[in-house]
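Trainee: Got a predicted structure here, sequence first:
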Amino acid sequence: SMLATNSREKTKCNDPRCLPCSNEKGGNCRKKEIVYAITCTECDHGYDGQSGRNGFTRGMEHLEKSKSNRQNELMKSMIYRHRVEFHEGREVPVEMKVVKTFQKDPQARMIFESLKIAERPRDKSMNSKQEYAKSSLIRPLFTSDDKKEKSDRALISAYIENQKPKLFKWPLQTPTTLPT
């Protein structure tokens, strides 16, 4: 007999180092080209990021950087900076969630990341001032009352169409190394 299975059900990868799989709603850790959120479980501050790599790999990079023996690497870690600034340097647990995947569409991925950064209240954000400032290029375009009714894709498409000549050299140049 055929067993009915929910194809949307996500099985955990069972790797103890996997940040997305360490919580219930972490999403698929093996999908690439993602926008993700990392949240402090003690104070609800969060970081919004994007990567061409998968959630497992990106989560590992964030954790490794936060435990580095090199001071310059530590200072680049938003997890480490958050612990020092808000938790007296104590190691507080963080959770990671894969928010959305973008197959072969890095422009839409970066725009969506900016929207997520802009959406989070500044005083609850672990993103750097530079990342937050970049997101403000996009924020004014999405203040209408009906924004919740539009799909993410429609917002992104409209943004790309409206902004091509104004803000960017098109196509967008994807930096080879993104600041983290």
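Mentor: Okay, I see it. Numbering: from 1, shown residues only.
Trainee: use CA for all of it now, contacts and neighbours both
Mentor: Noted.
Trainee: Centre of the chain to the helix or strand encompassing residue 62, how far?
Mentor: Taking DSSP states H and E as the criterion, residue 62 maps to helix 55-66. Distance of helix 55-66 from its chain centroid, counting by C-alpha atoms, centre = their mean, to the nearest Å, is 12 Å.
Trainee: So what touches the helix or strand following that helix?
Mentor: Counting by DSSP H and E, the next helix or strand C-terminal to helix 55-66 is helix 71-76. When contacts are defined by C-alpha atoms under 8 Å, 6 or more residues apart in numbering, helix 71-76 is touched by residues 65-68, 80-81, 180.
Trainee: So which bits of the longest helix along the chain are buried?
Mentor: Assignment by DSSP state H gives helix 106-119 as the longest helix of the chain. The neighbour-count criterion (16 or more other C-alpha atoms under 10 Å) identifies 106-118 as the buried residues of helix 106-119.
Trainee: pLDDT of that helix, averaged?
Mentor: Over the span of helix 106-119, the pLDDT mean works out to 92.
Trainee: try stretch 129-140
Mentor: For stretch 129-140, mean pLDDT is 71.
Trainee: repeat for stretch 26-46
Mentor: In this model, stretch 26-46 has a mean pLDDT of 96.
Trainee: what helices or strands is the helix holding residue 62 leaning on?
Mentor: helix 71-76, helix 78-86 (3 or more C-alpha pairs under 8 Å, 6 or more residues apart in numbering; DSSP states H and E).
Trainee: In the first one, which of the residues would be classed as buried?
Mentor: Meaning helix 71-76. In helix 71-76, counting by 16+ other C-alpha under 10 Å, buried: 74, 76.
Trainee: and what of stretch 23-36?
Mentor: Judged by neighbour count using 16+ other C-alpha under 10 Å, the buried positions of stretch 23-36 are 26-29, 31-36.
Trainee: From one end of it to the other, what's the distance?
Mentor: End-to-end distance for stretch 23-36: 14 Å, by C-alpha to C-alpha, to the nearest Å.
Trainee: Contacts made by it with the rest, please.
Mentor: By C-alpha under 8 Å, 6+ apart, stretch 23-36 touches 10, 13, 18-21, 48-56, 95-104, 106, 109, 112-113.
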